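Novice: Provided below for reference: sequence and predicted model.
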Amino acid sequence: FINERPEFGVDSRWSETGDNYVLKLFRDFVFHQAGGNGRPVMDLGHVVTALNKLDAADEEKIVLVSRDGRNVLVVSYADVARCLENAYGELCDGSVPPASMRAPPMGGGSRGY
């Protein structure tokens, strides 16, 4: 839900800074690891462990590195969890509820009363 929302492309809150940048780097940390030779590392244990620590808001520190290697951030899973909660809250504040959750229109209608 959070990363790379094209509809927020002109909104600075959704640019590659702040909470959303941390989340983008975390996504790469979890799902896009590469070995020394540049080949993908397929480690389901790493994915499950990282997501569990995120869910638990663990205080363990991790190193997040941008794809070009120019940016390095040291954060805890708790920091990432807070970023996720903030970004999700902002997204929910600007969202439209699904049709099944919208209140029916007020007045008249086809009910006949």
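Specialist: Received the coordinates, thanks. Residues are numbered from 1 along each chain as shown.
Novice: helices of this protein, residue ranges please.
Specialist: Using DSSP state H, the helices found in the chain span residues 18-31, 44-55, 77-93.
Novice: so for V65, which of the ones you listed sits nearest?
Specialist: Taking CB to CB as the measure, these were each checked against V65, and helix 18-31 came out nearest at 7.1 Å. Backbone N, C-alpha and C define where each C-beta goes, glycine included.
Novice: quick check: beta-bridge partners of L73?
Specialist: Note on L73: beta-bridge partners by DSSP bridges are L64.
Novice: that older thread, tell me which of the helices of the chain lies nearest to N71.
Specialist: Across these, N71 has its closest neighbour in helix 18-31 (7.6 Å, CB to CB).
Novice: report the buried residues of that closest one.
Specialist: Residues of helix 18-31 classed as buried: 19-26, 28-30 (neighbour count, 16 or more other CB atoms under 10 Å).
Novice: same question, stretch 30-47
Specialist: Of the residues in stretch 30-47, those buried by neighbour count under the rule 16+ other CB under 10 Å are V30.
Novice: ok, residues contacting that stretch?
Specialist: Contacts to stretch 30-47, defined as CB atoms under 8 Å, 6 or more residues apart in numbering, come from residues 50-51.
Novice: now do it, average pLDDT.
Specialist: The predicted model assigns stretch 30-47 a mean pLDDT of 93.
Novice: many thanks, I have nothing further to ask.
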